[in-house]
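In: Quick one, structure for this:
(chains A, B, C and D)
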2 protein chains.
Amino acid sequence: MAGIKDVARQAGVSVGTVSNVINRPEAVLPDTRARVLAAIEDLGYVRSESARQLRAGRSRIMALLVLDMGNPFFVDIARGAERAARDAGLGVMVCNSGQSPEEEADYLGLFAEQRVCGVLITPADAGGGNLEAFARHRIPYVLVDRVAASTDSCAVSVDDVRGGTLAVGHLVQAGHRSVAYVSGPGDLHQIRDRREGALAALAEAGLGPEALVEIPSDRLDVAAGRDAGARLLGLVPRPTAVFCANDLLALGVLQSLYAAGVRVPQDVAIVGYDDIEFAAAAAVPLTSVRQPAVVMGRMAAELLLEEADDENGGHRHRSVVLQPELVVRASSAAPR
Amino acid sequence: MAGIKDVARQAGVSVGTVSNVINRPEAVLPDTRARVLAAIEDLGYVRSESARQLRAGRSRIMALLVLDMGNPFFVDIARGAERAARDAGLGVMVCNSGQSPEEEADYLGLFAEQRVCGVLITPADAGGGNLEAFARHRIPYVLVDRVAASTDSCAVSVDDVRGGTLAVGHLVQAGHRSVAYVSGPGDLHQIRDRREGALAALAEAGLGPEALVEIPSDRLDVAAGRDAGARLLGLVPRPTAVFCANDLLALGVLQSLYAAGVRVPQDVAIVGYDDIEFAAAAAVPLTSVRQPAVVMGRMAAELLLEEADDENGGHRHRSVVLQPELVVRASSAAPR
DNA sequence: CAAAAGGATTGAAACAATTCAATCCTACGG
DNA sequence: CCGTAGGATTGAATTGTTTCAATCCTTTTG
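Out: Model (predicted):
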């Protein structure tokens, strides 16, 4: 494969001039430039990114490590990040930890070897040990969908307490007095915050914590939702509304209620979380708490770029908290 | 950041020995090795992938360029490819062309600069010009979900004609005599093949092409499906079954039928295509033609690795055609 | 005891770019 | 006609690794 030297020889100039044609075309006389460009075209020359990287000390790629690419919520985050990176002329390497701290550690190691210019991460490791170890490499990182535990990094998150309040407040206002909460892994901040918000909304209406019936679940996918739906059907008395910790769970619940002949929203109202495309696309369109996922991905990438481009230590870490928004659709309505 | 030279100095050995400790530990005396490892740990040394790449001539990353990361079908392909790559110690860079030939060209340029070890691609460029230009770089590539147009590359695809036959054959067998076909962009092979298969199934049952009522659509997402559903409702006489070119369309159709009070499957049966997770998760679980997406991703990656690892020109391009499978669920049943 | 064998280690070349001080030209002013 | 300003061009140094022929050292063999 042709290198810059071959181009230089063919065009009858030095390698420095070829480099200038590529990186600072205006600094080269037009006819020299033309000669070099012709040689490049002729030889099918493509500059080697690894050689540039080696010299520059870091790559022009940003890494994004998410919990579950099967969840459209994370796909949206990736979309936002990719757009911001693209605007800055960078590529994004999207990886999937599948909520496994070991996979996460593997990937972080890979990123360090690649001398990635920065990492966007939704941590899978509750203890934070992986990130602590990673910080040694002095590669900037930004937490996504998580509040910063320390002041070592920027973070972009969504106010989950408020989200829980919006969801359950809406149900209470519609007249529901007993709400089921289909939760998820207890060590996730999100799950706890949403519960807290839900309880706050109940308290606001003069209802105690007993009005929130928790249906625990250890995963956050549709199958777990189906399972939770079955358990909901067995409850006596049965709550008239369900708040699900995410839309995948809500879709599962909806499916098992429908299969059992329980009407939504007449018999049971459902509110989900995330507002993924498939929530609006369900047979009974789901009311959901919309998270600005694309915006979150974009802002995280922008914060990362700011930190990465910072030469003179002027960067101050910031935590951005975005606001969720309730999107009311057919799945929620007043109880019988 | 510490380099191999710093480690060598600290451990009192040469750089070659450090390299050996990392790449061929058994070729170094245990106590030398221990000394070097201690120095590595001490300095927090991480080898530079770009320097290795520069020497090796190509990177340890494989690129995957898909049409739409919003479609879980492609997410499954990515999963399969990632697994195979991981087994071979490689990373995968997943990118999204969004069906735009320009974005595709941009990404292919990026891949060439990165000296990626190979590319898995679902082409967005019907003419094939992008790939033709890319072939110059002598980087191997494998077509995914597409039959090879020439003998220049390997390909993995699914027999779409058979898939169409399975879907419509099932409907005909259940007694349907008029089937709507919600299609997609006419320049996609998949769409045409599935139609052909559908017609074959009708012919098999002694029905002419007029038994297949086409409802065209220019996109393949849920919104387009909703739209198609509305058009279906206006047809007189209304077909008793719908075959959709993919599951996103089917979900959209299901939603608009449900909203109009048309019962599925009693009034109208629906069969989708791809068998994404959300098809099984719909309120009325969708009958669908399952594509072995994960397997396809894995096989494509394996073919690519075989070609990339081939030193002595022993590689012969192959086209693998996988078989789809009908998954019958609640959404399809006999007509009234 | 000398020579050969063979394992461990070394050190320099190569990879392909970028950068920058030095050099080369040209044109202009004195 | 000489000196110089300043833009264009050059070429060597640099980046961090891998590789491999050469060297060093120890052990075995004749």
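In: What helices and strands are in contact with the host helix or strand of A:Cys95?
Out: Secondary-structure assignment from DSSP states H and E places A:Cys95 in strand A:91-96. Counting contacts by 3 or more Cβ pairs under 8 Å, 6 or more residues apart in numbering or on different chains; DSSP states H and E, strand A:91-96 packs against strand A:61-66, helix A:72-87, helix A:101-114, strand B:91-96. Using the backbone N, CA and C atoms, a C-beta is placed for each residue, glycine as well.
In: Does the helix or strand hosting A:Val36 reach DNA strand C?
Out: Taking DSSP H and E as the criterion, A:Val36 maps to helix A:30-43. No: figure legend: helix A:30-43 not in contact with DNA strand C (Cβ under 7 Å from any atom of the strand); closest approach 10.0 Å.
In: care to break chain A down by domain?
Out: A:4-47, A:57-158+A:293-322, A:160-291 (automatic domain parsing).
In: pull the CA atoms of the strand holding A:Cys95 into CSV?
Out: The C-alpha trace of strand A:91-96 is given here as CSV (Å, rounded to 0.1, in the frame of the first residue of the first chain):
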residue,chain,number,x,y,z
GLY,A,91,-15.7,8.6,15.2
VAL,A,92,-17.6,6.8,17.9
MET,A,93,-16.9,3.2,19.0
VAL,A,94,-20.1,1.9,20.5
CYS,A,95,-19.7,-1.0,22.9
ASN,A,96,-22.0,-3.0,25.1
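In: so what strands line up beside it?
Out: When pairs are called by DSSP bridges, strand A:91-96 turns out to pair with strand A:61-66 (parallel).
In: what about the nearest residue to A:Glu306 once chain neighbours are set aside, how many neighbours?
Out: Distances taken as Cβ to Cβ, 6 or more residues apart in numbering or on different chains place A:His315 nearest to A:Glu306, at 6.4 Å, with adjacent residues excluded. Neighbour count for A:His315, taken as other Cβ atoms under 10 Å in any protein chain shown: 15.
In: From the rest of the structure, what touches the lowest-mean-pLDDT helix or strand in chain A?
Out: In chain A, no helix or strand scores lower on mean pLDDT, DSSP states H and E than strand A:91-96, which sits at a mean of 91. Strand A:91-96 is contacted from outside by A:60-69, A:78, A:81-82, A:85, A:103, A:107, A:114, A:116, A:301, B:61, B:79, B:82, B:91, B:93-95, B:110, B:114, using Cβ atoms under 8 Å, 6 or more residues apart in numbering or on different chains.
In: Only the buried subset of those residues, as a PyMOL command please.
Out: The PyMOL selection below is limited to those of the contacts of strand A:91-96 classed as buried (16 or more other Cβ atoms under 10 Å in any protein chain shown):
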select buried, (chain A and resi 60+61+62+63+64+65+66+67+68+69+78+81+82+85+103+107+114+116+301) or (chain B and resi 61+79+82+91+93+94+95+110+114)
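In: Poorly predicted segments of chain A, please.
Out: Applying pLDDT under 70 to chain A flags the ranges A:336.
In: Could you grab the helix/strand/coil label for the residue of the stretch 1-150 of chain A found nearest DNA strand D?
Out: Here the stretch 1-150 of chain A gets closest to DNA strand D at one residue, A:Gly16, 2.5 Å apart by Cβ to the nearest atom of the strand. Look at A:Gly16: counting by DSSP: H, G, I helix; E, B strand; the rest coil, its state is helix.
In: burial measure for it, as a count.
Out: Neighbourhood size, A:Gly16 [other Cβ under 10 Å]: 10.
In: what about the helices in chain A?
Out: Assigned by DSSP state H, the helices in chain A fall at A:4-11, A:15-23, A:30-43, A:49-56, A:72-87, A:101-114, A:129-135, A:160-173, A:189-204, A:222-234, A:247-259, A:277-280, A:293-309.
In: Out of the ones you listed, which is closest to B:Gly169?
Out: B:Gly169 lies closest to helix A:247-259 among the helices of chain A, at 26.9 Å (Cβ to Cβ).
In: which residues sit in contact with the residue in the stretch 51-200 of chain A positioned nearest to chain B?
Out: Closest contact between the stretch 51-200 of chain A and chain B, by Cβ to the nearest Cβ, is at A:Gln53 (3.8 Å). Counting by Cβ under 8 Å, 6+ apart, A:Gln53 touches A:Ser59, A:Arg60, A:Arg115, B:Ser50.
In: just checking, A:Pro216 touches A:Ala180?
Out: No: with contact defined as Cβ atoms under 8 Å, A:Pro216 does not reach A:Ala180; the gap is 11.0 Å.
In: So for the two, which sits in the more crowded spot?
Out: Set A:Pro216 next to A:Ala180 and count neighbours by other Cβ under 10 Å: A:Ala180 wins out with 24 against 14.
In: The more buried one touches A:Ala241, doesn't it?
Out: Yes: if you go by Cβ under 8 Å, A:Ala180 and A:Ala241 touch, sitting 7.1 Å apart.
In: relative orientation of the least confident helix or strand of chain A and helix A:101-114 in degrees?
Out: For strand A:91-96 against helix A:101-114, the angle between stretch directions is 160 degrees (axes from the mean of the first three to the mean of the last three Cα atoms, to 10 degrees).
In: any idea of the angle strand A:91-96 forms with helix B:72-87?
Out: Using the same axes, to 10 degrees: strand A:91-96 against helix B:72-87 is 90 degrees.
In: What separation do you get for A:Asp274 and A:Gly109?
Out: 30 Å (Cβ to Cβ, to the nearest Å).
In: Please identify which of the two sits among more neighbours.
Out: Using other Cβ under 10 Å as the criterion, A:Asp274 and A:Gly109 rank with A:Asp274 on top: 28 against 15.
In: What about the residue in the stretch 201-336 of chain A positioned nearest to DNA strand C, how many residues nearby?
Out: Nearest to DNA strand C, among the residues of the stretch 201-336 of chain A, is A:Glu311, at 13.0 Å (Cβ to the nearest atom of the strand). Counted with other Cβ under 10 Å, the neighbours of A:Glu311 add up to 6.
In: Pull stretch A:271-291 out as PDB, backbone CA atoms only.
Out: The C-alpha trace of stretch A:271-291 is given here as PDB (Å, rounded to 0.1, in the frame of the first residue of the first chain):
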ATOM      1  CA  VAL A 271     -47.300   4.200  32.800                       C
ATOM      2  CA  GLY A 272     -43.800   3.300  31.500                       C
ATOM      3  CA  TYR A 273     -40.500   5.100  31.500                       C
ATOM      4  CA  ASP A 274     -38.100   6.200  28.800                       C
ATOM      5  CA  ASP A 275     -40.600   6.700  26.000                       C
ATOM      6  CA  ILE A 276     -38.900   4.500  23.500                       C
ATOM      7  CA  GLU A 277     -40.400   4.300  20.000                       C
ATOM      8  CA  PHE A 278     -42.100   1.000  20.800                       C
ATOM      9  CA  ALA A 279     -44.000   2.600  23.700                       C
ATOM     10  CA  ALA A 280     -45.900   4.800  21.300                       C
ATOM     11  CA  ALA A 281     -46.200   1.900  18.900                       C
ATOM     12  CA  ALA A 282     -47.900  -0.500  21.200                       C
ATOM     13  CA  ALA A 283     -51.500  -1.600  20.500                       C
ATOM     14  CA  VAL A 284     -52.500   0.500  23.400                       C
ATOM     15  CA  PRO A 285     -50.100   3.400  23.100                       C
ATOM     16  CA  LEU A 286     -48.200   3.700  26.400                       C
ATOM     17  CA  THR A 287     -48.100   6.700  28.600                       C
ATOM     18  CA  SER A 288     -44.500   7.200  29.500                       C
ATOM     19  CA  VAL A 289     -41.900   9.400  31.100                       C
ATOM     20  CA  ARG A 290     -39.800  10.700  28.200                       C
ATOM     21  CA  GLN A 291     -36.100  10.900  28.800                       C
END
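In: Give me the neighbour count for A:Gly261.
Out: The burial count for A:Gly261: 7, using other Cβ under 10 Å.
In: residues contacting it?
Out: Contacts of A:Gly261 (Cβ under 8 Å, 6+ apart): none.
In: Could you measure from it over to chain B?
Out: Per Cβ to the nearest Cβ, to the nearest Å, A:Gly261 is found 12 Å from chain B.
In: quick one on the thing from earlier: specify the stretch among the domains of chain A that is closest to B:Ser331.
Out: domain A:160-291 (10.5 Å).
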